[in-house]
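# Give me a model of this one.
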Amino acid sequence: MLLEDRKVFLKFAFVLLLALFLAGCQQSVTDTNLTQIDNNTSAPNIMAAVTAARGDNTLTTTATGPNLLANPSFESGTNSWQSCGAALTPSNDALSGLALQIANGCMYQDVVLQPDATYTLSCQAKLVDATGWSGTGFSVLDSSYGALAAAPESQITGSAWTEYTSTITTPANSTFASVWFYTDGAILVDNCSFTEEIDDTTPPTPSPSNMLSNSSFNSQGDWFSCGDASAYNIASGNLNMQATSCVYQTQAAEVGANYSLSCQSSANAGVYSAVTLSILNSSWATIASDTKAVTSTNIQTINLAQTAPANARYVAVTFYSEGNATHQECVLTSDAIPEGVATITTPVPQPNGSLFPYPDSHPTDNESAQAANNLLVNPTFNSATGGWINCAPNSTTISGGQLDIIPGVCFYQELVAQAGQTYTLTCKGEMNLPTYSVFTLNMLDAGFQSLATEVQTLNTSSRQWRLELQAPANTQFVTVGFYTENNATYDYCYLTVDTPAPLSSEQIYAPVKPVEVLLPIYIDPAQDITPWNQVISTAQTVATTVVVNPVIGGIEGCREESFAATLGNLQQVGVDTVGYIATGYTRTAISTVKANIDRFANCEGLDGVFFDEIKISTPGEANYYEQICTYAQSVFGNGKFVVNAGTNIEIPITNDFCNIALIYEFFEDRWDDFAVFGYQGAASDPATSIMIHTSTNVNSMKQAVDLAYSRKIDYVFVTDDTIPNPWTTLGSYWNEFINYIAQKNASL
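Sure thing, here's the model as predicted:
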């Protein structure tokens, strides 16, 4: 049934329900108050009126604190409350501030709640006009706003302020509550609360205090630069990084304490950006660290953890980026600092650049290809005279594979360049802090005048650094140069233009085992049936599994006519389907995930579950996913259960839990540099899957597939669709992709 047809049907049903109710009551009514009751003994069908008033406007309010109601004392008038036929008027006849008068009808507010929990509604109310029936209560609803249960209603009977309460324990599948008031005459209400009952017998575990100062990035505060201070800014709740920049904060550390960092971060596509949690000794040297790259263009949660070793003195949080990146609310906690202890507000800036978290090997560098295609002469400094020109005699030493330079150096190598080409310079070097040392990439015209320059500052121990610059029009020469105000040392420099394409894939890669296809289609078939039909047409060529995401209309959306028909068609041609469920990186309650699994189990044609937003780096997190995967198996039986970490899972999940691990969901140009853990391939290990987007042409798709075979990946999908949502089409070369997989499988 189409969505518009459902709306018409529901509205018709509500009118019919109301008519039946009125006929059963056998009372005289007027056109202005169709639900009036004169016997003053029972309530009308309030939820029918609420449902009719709600219509398509299913907005819920979410308040903070223990009271789940927004504007519970009506100090903001009718804000957050909806009328279902009643006249609503703020009143000064209140217990404090304002109250709200309700006349001739009903009023409601929808709020979010949890299943298997006890909730209590409490309101102060009194009669103004005692005509008919007046009362209050609430109903428990599912995710589609269908009624599951109703709390006992309270009839308002007196003209003095009186507290009315109602309590219920919510059933499974509970998602919302609709808190309502009704009157045939007029009532005043004030000071309402809707709360969840907390078990006081087991006090909650105190949460540690946030150790970071200005963790919300409202100003520069106590954040310091460990790179180019002009390449970032902090304002209005954001740390905005541009170009190559580095920002950090340090706090005192306690030996043996466990530290956890959580930040909300994003980075532009193609930009290397990372967050690091470090433990430092009294000399500010890093003795333990954890770094994670920011891989999403949308805000994602970055979680890091470290235990302070015996000689720990400081803990540091560092942000590094080579382009546009954004960081928001960050929380640094320690099990040594319980709740209620004041945040450390005076961070100590470290005196040098030792926190600069540039990786020893850059994730996007192919060092063997750089070395093989290097334009520089004597790039590893093995010869004292080859290639390099010294314009400051006696200030430079080249020997033993190192370039050692001292203050005042003028040192370079010059090569013929081609306008329009993009040149990449990678050098590994270090310098004696804290003074200034740089290397440069410079484009010159025929008269040796500079047209464009990129500069990289060294400010830490031995690291690999990289510059990239496109040669402007009129470029004739490219130079690599060095300058320092203190001693500096370089191990190598590579200058490349383009990394050549690899040899024929069949000469490099050999298929290991047949590969299947696991792909997402995140679009309603009622809106676009094309990708679904494409899968159906190729299902007999390569075994295929599709991730479906019917939550466009709630999980029950899989019962929509278009979804149900499409799932049935997929099932007929042998395509497996798994339903999408987000887990919030273990923040979603297990009971909620299980309820969603149960809802999917009612969908015809689904063969399992696809769990998204996965984080498995601790035994506790692994236990979380063991529970939900085991439950999914108990519901679906011998199905497919996928966990999408988007990267290697640090604690592998075996077939005892979920049986497919999605370990890569990213750009095609990063797949070559992605390091796959070595647990794939054994019979007892989970199957692995990759989903690659932004693969620009058929050749790049084939190279990505070849590498997947050689890495023993079980499920593969490659598309040229792009962000922000690359999972709405199958791309422009779906048939070529399927046929290439079939060709590879046929050779086994």
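# give me every residue that touches the residue most central in space within the chain.
For the chain, the residue whose C-alpha lies nearest the mean C-alpha position (Cα atoms, centre = their mean) is residue 300; its distance is 3.5 Å. Residue 300 makes contact with 264-266, 294 under the criterion Cβ atoms under 8 Å, 6 or more residues apart in numbering. Any C-beta I mention is one placed from the backbone N, CA and C, and that applies to glycine too.
# Whichever of the residues you listed end up buried, select them in PyMOL.
Filtering those down to the buried ones (16 or more other Cβ atoms under 10 Å) takes a single PyMOL command:
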select buried, resi 264+265+266+294
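# And the contacts of residue 300, which is the shakiest by pLDDT?
Taking pLDDT as the measure, the contacts of residue 300 have their low point at residue 294 (86).
# low pLDDT regions in the stretch 251-400 of the chain?
Counting by pLDDT under 70, the stretch 251-400 of the chain contains low-confidence ranges at 283, 338-367, 392-395.
# That one: helices as residue ranges?
Ranges of helices within the stretch 251-400 of the chain are 367-372, based on DSSP state H, counting those that start in this stretch.
# The residue nearest to the centre of the chain pairs with what?
With DSSP bridges applied, residue 300 shows beta-bridge pairing to residue 265.
# do you know how far it is from residue 518?
22 Å (Cβ to Cβ, to the nearest Å).
# contacting residues around residue 597?
The neighbourhood of residue 597, defined by Cβ under 8 Å, 6+ apart, consists of 581, 609, 628, 631-632, 635.
# Try it again at 10 Å.
When the contact criterion is Cβ atoms under 10 Å, 6 or more residues apart in numbering, the partners of residue 597 are 555, 579, 581, 608-609, 611, 628-629, 631-636, 641.
# repeat for residue 380
When contacts are counted by Cβ under 10 Å, 6+ apart, residue 380 is found next to 371, 374, 401-403, 428, 490-494.
# and if we set it to 7 Å?
Applying Cβ atoms under 7 Å, 6 or more residues apart in numbering, one finds that residue 380 lies in contact with 401, 492.
# gap between it and residue 106?
Counting by Cβ to Cβ, the gap from residue 380 to residue 106 is 81 Å.
# any idea where the helices of the stretch 401-550 of the chain begin and end?
Applying DSSP H, counting those that start in this stretch to the stretch 401-550 of the chain gives helices spanning 505-508, 530-538.
# Mind listing residues that contact the last one?
It refers to helix 530-538. 521, 523, 525, 544, 546, 566, 569-570, 573, 575, 729-730, 734-735, 738.
# Which ones among these lie within strands?
521, 544, 546 (DSSP state E).
# how many neighbours does the first one have?
Under the neighbour criterion other Cβ atoms under 10 Å, residue 521 is assigned a count of 23.
# which residues touch it?
Applying Cβ under 7 Å, 6+ apart, we find residue 521 in contact with 531-532, 546, 548, 727.
# Would you mark the buried spots in stretch 702-718?
By neighbour count, and taking 16+ other Cβ under 10 Å as the criterion, the buried residues in stretch 702-718 are 702-709, 711-718.
# where along the stretch 201-350 of the chain do the strands fall?
When secondary structure is read from DSSP state E, counting those that start in this stretch, the stretch 201-350 of the chain shows strands at 224-225, 232-235, 238-241, 245-252, 258-267, 273-280, 286-293, 300-307, 314-321, 325-334.
# Could you say which one of the ones you listed comes nearest to residue 191?
Closest approach to residue 191 among the strands of the stretch 201-350 of the chain (Cβ to Cβ): strand 325-334, 32.7 Å.
# Quick one: end-to-end length of stretch 254-261, please.
Distance across stretch 254-261, first residue to last, is 16 Å (Cα to Cα, to the nearest Å).
# Check the offset of that stretch from the chain's centre.
Here the centre of stretch 254-261 is set off from its chain's centre by 25 Å, with Cα atoms, centre = their mean, to the nearest Å.
# can you check stretch 707-717 too?
25 Å.
# now do the same end-to-end measure for it.
Across its full length, stretch 707-717 reaches 12 Å end to end, with Cα to Cα as the criterion.
# mean confidence for it?
Throughout stretch 707-717, pLDDT has a mean value of 89.
# can you count the residues close to the nearest residue in space to residue 445 that is not next to it in sequence?
Across the structure, with Cβ to Cβ, 6 or more residues apart in numbering as the measure, the residue nearest residue 445 apart from its sequence neighbours is residue 474 (4.8 Å). Applying the criterion other Cβ under 10 Å, we find 13 residues in the vicinity of residue 474.
# just to revisit the earlier point, now, the most widely separated pair of the contacts of residue 521?
Checked with Cβ to Cβ, those reach their widest spread between 532 and 727, with 12.9 Å between them.
# Now stretch 619-632: buried residues?
Neighbour counts using 16+ other Cβ under 10 Å place 621-622, 624-626, 628-629, 631-632 of stretch 619-632 among the buried residues.
# For stretch 255-265, which outside residues touch it?
Counting by Cβ under 7 Å, 6+ apart, 275, 277, 294, 299-308, 310, 312, 315, 317, 325-336 sit against stretch 255-265.
# same check, this time on stretch 71-80
Stretch 71-80 has contacts (Cβ under 7 Å, 6+ apart) with 61, 70, 81, 88, 90, 97-100, 109, 190-193.
# Apply 10 Å and report the result again.
Everything outside stretch 71-80 that qualifies as a contact, by Cβ under 10 Å, 6+ apart, is 59-63, 65, 67, 69-70, 81, 88-91, 94-102, 107, 109-111, 122-124, 179, 188-194.
# Restrict that stretch to CA atoms and write it as PDB.
Written as PDB, here are the backbone C-alpha positions of stretch 71-80 (Å, rounded to 0.1, in the frame of the first residue of the first chain):
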ATOM      1  CA  ASN A  71       7.100  22.900  29.300                       C
ATOM      2  CA  PRO A  72       5.600  20.800  32.200                       C
ATOM      3  CA  SER A  73       4.400  23.800  34.200                       C
ATOM      4  CA  PHE A  74       3.100  25.800  31.300                       C
ATOM      5  CA  GLU A  75       5.400  28.700  31.900                       C
ATOM      6  CA  SER A  76       5.800  28.900  28.100                       C
ATOM      7  CA  GLY A  77       2.000  28.800  27.600                       C
ATOM      8  CA  THR A  78       1.000  26.100  25.100                       C
ATOM      9  CA  ASN A  79       4.500  25.500  23.800                       C
ATOM     10  CA  SER A  80       5.100  21.700  23.100                       C
END
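# That stretch: which residues count as buried?
For stretch 71-80, burial by neighbour count (16+ other Cβ under 10 Å) applies to 71-74, 80.
# Out of those, which comes closest to residue 281?
When those are compared against residue 281 (criterion: Cβ to Cβ), the nearest one is residue 72, at 52.6 Å.
# any idea how far residue 124 is from the closest one?
For residue 72, the distance to residue 124 under the criterion Cβ to Cβ works out to 11 Å.
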